[in-house]
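Q: Quick one, structure for this:
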Amino acid sequence: MRVKDIMTKDPITIDEDMSIIDATSLLIDNNIDGIPVVDNEDILVGLFTKGDLYYAITNNIETSNSVNSIMKRKIVYINENESTDKIFEVNVGRLPVVNDNDKIVGIVTTTDLLKEYHNRNSYINEELNTIFTAIHNGILLIDTEGNILNINKSAKEILGDKSIKNIKDLPFEEIIRDVLKKRKISIGNRVNIRDKNIIVNVTPFTKEDKLEGAVLELNNITTLQDTMKRLNSEKNLTEILRTILDNAYDGIVVIDKDEKIIMINNSYAKFLDENSDELVGRKVTDVIENTRLHVVLKTGESEIGEIQKIGSNNIVAMRVPIREDNKIVGAIGKIMFRDVQEVKSLAKKLSNIEMELQYYKSELIKERQAKYSFDNIPSKSSKMNEVKKLALKASKSNSTILITGESGTGKELFAHSIHNASPRHMRSFVKMNCAAIPAELLESELFGYEEGAFTGSRKGGKVGKFKLADGGTIFLDEIGDMPLNMQAKILRVLQEREVEPIGSNMPLKIDVRVIAATNRDLEKMINEGNFREDLYYRLNVIKLDIPPLRKRKEDLDILIDILFQKHRNDLGKFIPGISQETIKTLKGYHWPGNVRELENVIERAINLVESGEKIKPNNLPEYIKGGYTDNVNKNFTLRQAVEDAEKNAIIDCLKFTDDNRVKTAKILNISRSTLYEKLDKYNIK
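A: I've put the predicted structure just below:
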């Protein structure tokens with residue numbers, strides 16, 4: 001039941017400029033405790049109550065002032081589409097009701113709800129009473145002493161005695177006594193009452209595990225038995241079978257003990273290019289080429305999946321003898337496949353489907369597994385090795401981990417590695433980029449939804465990322481970009497270890513290890529009111545701060561070599577290596593984009609260098625060749641350096657791909673939506 005079904009529509013409202021005295025008159029005239037306050041678009045902005053009036057009087061506030069000066073602004077309200085159960089949860093006697101546009105559309109009170117429940121309860125009681133009275137089966141309700149508490153009209157007609165007060169007056173008393181003693185249901189008891197065949201079912205009922213009595217159901221099967229006799233007559237049975245056979249796709253033929261066709265359906269007759277009526281009565285050997293039904297009559301042995309040639313077709317047939325009193329009285333033949341090719345085609349389709357299913361299963365397993373380990377994070381830097389050491393220790397626990405660091409430092413590599421080194425490594429590793437999903441879709445992606453939860457929802461609902469990660473690890477990347485309302489819901493998941501899909505009232509318990517990552521300053525965001533402090537401390541159980549590449553330049557040699565080996569064969573040309581001058585140039589740059597920028601620069605250089613030549617400085621972007629060394633201008637901020645590097649990298653990549661933005665996003669290892677955001681940010685046309 002929805003709030004809009006019971007609310008008082010078109011309630012009295014006032015605007016926020018109305019005077020206190022005028023608003024008070026409305027309260028008195030309508031004998032109400034509060035009036036919703038709306039703006040000029042009927043959007044709820046406050047609530048003026050008797051309490052506000054008392055406040056104005058006791059504080060000597062002029063009643064000519066507008067209600068805007070004293071009204072309650074933080075008000076509790078409810079959406080018209082909410083379940084009425086929410087009214088009790090709010091615990092407010094009088095609630096404004098708004099629509100999806102926050103316009104007020106009604107008022108609802110707990111009294112309204114109680115009245116509606118009372119009316120519905122009365123209606124249900126009336127319906128139950130009507131059913132009890134009108135049902136064809138006899139119903140009796142008895143207590144533990146055997147006294148009859150209630151009996152319906154049908155039961156009185158079956159028993160033929162309207163003065164029955166106790167089960168001792170019934171011919172099946174012992175059945176009821178046994179049920180009350182053993183507290184076990186007894187069904188299918190056949191008794192004869194006044195020449196009527198009655199089935200008696202007795203069911204005990206309890207309340208809070210205490211036996212309260214039993215319910216008796218009397219079914220008069222006399223009429224049913226007569227009907228069954230008519231249905232079992234040969235004429236009706238033949239008609240039923242003929243209807244089934246004639247409408248079956250499979251070709252079916254039935255012969256008697258004399259090998260004559262007594263029934264052949266339309267499907268088989270059409271296959272033979274004959275009329276079914278003209279085939280009945282003829283010998284099966286004269287009608288069906290290469291038939292073996294007459295052989296089955298003699299041997300009594302079934303033949304399943306046998307190949308039989310009829311005309312130009314090699315069919316697959318089934319033949320079964322018909323027995324009656326252990327004597328063979330006929331046989332049934334059926335075309336399972338009209339051509340052997342159908343079997344081969346079906347087998348091929350099944351094989352292809354099975355192969356496709358196995359492929360998708362394996363791909364799904366790969367997608368939900370972590371791809372990297374700590375071996376994929378090479379380092380000579382003492383700072384980096386300290387972080388790796390802490391991460392390895394943290395992987396053995398189930399505690400939440402917060403990974404911080406600039407963009408491109410390898411936060412996701414650490415998340416993969418922690419999962420692979422943890423006891424959960426055999427279970428799912430589910431990734432979620434909080435910045436890549438629109439805010440309105442984030443909840444359904446994380447928590448899933450039930451079928452019919454909203455317009456356009458998938459049939460059968462959807463399993464959320466948290467449930468997919470049950471027993472394993474979920475990696476929440478870019479957690480600093482998560483909207484505040486979703487932060488509250490993530491906090492609840494971390495506290496309660498349960499999720500509630502959209503449209504469901506049943507929370508699902510989960511066992512998930514959470515790893516979050518961000519390149520943003522969460523403490524600064526907390527001070528600015530953009531990140532929840534309580535969520536920050538829930539996430540910050542174990543913190544890994546990944547150092548930027550400029551603070552671990554001793555790793556550049558090994559990183560340059562690994563990235564060069566990774567991409568050197570991509571274009572199928574021979575590149576002997578990287579010149580020392582180029583390596584020196586790369587080491588002189590401060591890498592605001594970190595390892596990701598380094599990889600993009602090396603991949604770009606491999607694409608530009610001629611086959612057989614080493615990578616030289618002229619294969620590098622301009623901003624690296626003549627750009628920023630360790631002795632940068634003191635007025636040139638790190639943020640500016642990062643943005644300039646990012647902008648130049650995008651421009652160079654767009655030139656290289658002939659302005660193909662899909663390829664550009666792939667080379668830069670970012671999503672297309674992120675690329676479009678940066679094109680707009682840097683005004684790149």
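
Q: switch to C-alpha atoms for all contacts and neighbour counts from now on
A: OK.

Q: Residues in a beta bridge with the residue nearest the centre of the chain, which ones?
A: Nearest to the mean C-alpha position of the chain, counting by Cα atoms, centre = their mean, stands Lys462 at 1.9 Å. With DSSP bridges as the criterion, Lys462 is bridged to Tyr449.

Q: Model confidence for it, exactly?
A: pLDDT, Lys462: 84.

Q: Relative to Ser444, how far out is it?
A: Distance of Lys462 to Ser444, given as Cα to Cα, to the nearest Å: 8 Å.

Q: Next: Lys489.
A: With Cα to Cα as the criterion, Lys489 and Ser444 are 12 Å apart.

Q: so Leu218 makes contact with Val200?
A: Yes. At 4.9 Å, Leu218 counts as touching Val200 under the criterion of Cα atoms under 8 Å.

Q: Excluding covalently adjacent residues, which one is nearest to His136?
A: Ser154 (6.0 Å; Cα to Cα, 6 or more residues apart in numbering).

Q: Next, count neighbours for that neighbour.
A: By other Cα atoms under 10 Å, the residues close to Ser154 number 21.

Q: do Glu82 as well
A: 14.

Q: Return the residues in contact with it.
A: Arg2, Val3 (Cα atoms under 8 Å, 6 or more residues apart in numbering).

Q: likewise Val200?
A: By Cα under 8 Å, 6+ apart, the neighbours of Val200 are Ile187, Gly188, Asn189, Arg190, Val191, Leu216, Glu217, Leu218, Asn219.

Q: Quickly list what the fourth one is bridged to.
A: As for beta bridges, Arg190 partners with Ile199 under DSSP bridges.

Q: I'd say it and Asn201 touch.
A: No. With contact defined as Cα under 8 Å, Arg190 does not reach Asn201; the gap is 9.2 Å.

Q: With neighbour numbers in mind, choose between those two.
A: Using other Cα under 10 Å as the criterion, Arg190 and Asn201 rank with Asn201 on top: 19 against 15.

Q: Unless I'm misreading it, the more buried one sits right up against Val191, doesn't it?
A: No. Applying Cα under 8 Å as the test, Asn201 and Val191 come out as separate, 10.9 Å apart.

Q: Helices along the stretch 451-600 of the chain, start to end?
A: Using DSSP state H, counting those that start in this stretch, the helices of the stretch 451-600 of the chain run over 465-468, 484-496, 522-527, 533-539, 556-567, 580-588, 594-608.

Q: how far away is Leu549 from Pro621?
A: Leu549 is 18 Å from Pro621, by Cα to Cα.

Q: quick one: which of these two has more around it?
A: The neighbour count for Leu549 versus Pro621, taken as other Cα under 10 Å, is higher for Leu549 (23 against 18).

Q: List the contacts of the more buried one.
A: Thr409, Asp555, Leu556, His590, Trp591, Pro592, Asn594, Val595.

Q: farthest-separated two in the residues you listed?
A: Across the contacts of Leu549, no pair lies farther apart than Asp555 and Pro592, at 15.1 Å, counting by Cα to Cα.

Q: If you count surrounding residues, which of those two has more?
A: Set Asp555 next to Pro592 and count neighbours by other Cα under 10 Å: Pro592 wins out with 25 against 17.

Q: for the stretch 1-150 of the chain, what are the low-confidence residue spans?
A: For the stretch 1-150 of the chain, the stretches flagged by pLDDT under 70 are 88-93, 110, 118, 121-134.

Q: correction: the stretch 351-500 of the chain
A: In the stretch 351-500 of the chain (pLDDT under 70), the answer is 351-353, 356-370, 453-458, 460.

Q: where exactly do the strands run in it?
A: Along the stretch 351-500 of the chain, counting by DSSP state E, counting those that start in this stretch, strands occupy 401-404, 429-433, 448-449, 462-463, 473-477, 498-499.

Q: Kindly reformat these as TSV containing distance to Asn530.
A: TSV is the format used below for the strands of the stretch 351-500 of the chain (distance: least, Cα to Cα, whole Å):
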stretch	distance to Asn530
strand 401-404	17
strand 429-433	18
strand 448-449	25
strand 462-463	29
strand 473-477	17
strand 498-499	24
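
Q: which one of these lies closest to Ile14?
A: Taking Cα to Cα, strand 448-449 is the member of the strands of the stretch 351-500 of the chain nearest to Ile14, at 39.0 Å.

Q: so how far is the closest one off the chain centroid?
A: 4 Å (Cα atoms, centre = their mean, to the nearest Å).

Q: repeat for stretch 253-262
A: The answer for stretch 253-262 is 56 Å, by Cα atoms, centre = their mean.

Q: got it, and stretch 528-546?
A: The answer for stretch 528-546 is 29 Å, by Cα atoms, centre = their mean.

Q: Residues contacting that stretch, please?
A: Taking Cα under 8 Å, 6+ apart as the rule, stretch 528-546 contacts 384, 387, 390-391, 394, 399-406, 409-411, 480, 484, 487-488, 490-491, 494, 516, 522, 525-526.

Q: ok, now with 7 Å
A: 387, 399-405, 409, 484, 487, 491, 522, 525-526 (Cα atoms under 7 Å, 6 or more residues apart in numbering).
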